[in-house]
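Peer 1: sequence isn't available, so here's the structure alone:
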């Protein structure tokens with residue numbers, strides 16, 4: 001995670017964009033940091049550590065300029081960002097909407113596990129029968145799937 005964090009920090013320093021693009025943009029093909037074309041002319045005059053740092057920074061410049069990943073690390077950073085964006089979109093739904101969806105799924109699973117027995121489903125969910133019936137009224141598709149009176153023990 002330290003490498004990904006470093007890539008993202010470097011990208012943030014090199015751009016004013018608020019969004020890291022997940023798809024490559026049109027533009028020149030990225031060059032490999034080990035190819036002679038990727039080495040800046042002044043790299044011949046610096047020591048080995050500085051040259052290695054310049055080689056490591058090259059993929060970040062390519063990502064920032066073209067949106068294309070020049071190294072597996074940069075590709076992983078782009079993929080992780082895309083996955084985080086997708087997860088963030090799910091999280092950014094209103095909380096009541098998320099709670100209602102979770103509640104509906106739990107009730108459907110409880111009804112299925114109990115063969116439609118509403119009383120047993122309420123016990124399984126550790127809520128009162130009255131609360132279960134109140135919630136069931138919010139989800140007509142669940143009420144229709146369960147038998148009308150299946151509160152047998």
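Peer 2: Perfect, I can see it now. Everything numeric here is computed off the predicted structure, so don't read it as measured data. Numbers count the residues shown, from 1 in each chain.
Peer 1: got the contact list for stretch 122-129?
Peer 2: Stretch 122-129 has contacts (C-beta atoms under 8 Å, 6 or more residues apart in numbering) with 106, 107, 110, 113, 114, 118, 119, 131, 132, 135, 151. (C-beta placed from N, C-alpha, C; glycine too.)
Peer 1: what's the burial count for residue 83?
Peer 2: 11 (other C-beta atoms under 10 Å).
Peer 1: can you give the domain ranges for the chain?
Peer 2: 2-91, 95-145 (automatic domain parsing).
Peer 1: which one of those domains has the lowest average pLDDT?
Peer 2: Ranked by mean pLDDT, the domains of the chain bottom out at domain 2-91, which scores a mean of 61.
Peer 1: one step back: now the buried members of the contacts of stretch 122-129.
Peer 2: Listed as buried from these are 107, 110, 114, 118, 119, 132, 135; burial here means 16 or more other C-beta atoms under 10 Å.
Peer 1: those residues: which two are farthest apart?
Peer 2: Farthest apart among the buried ones among the contacts of stretch 122-129 by C-beta to C-beta are 114 and 135. That separation is 15.1 Å.
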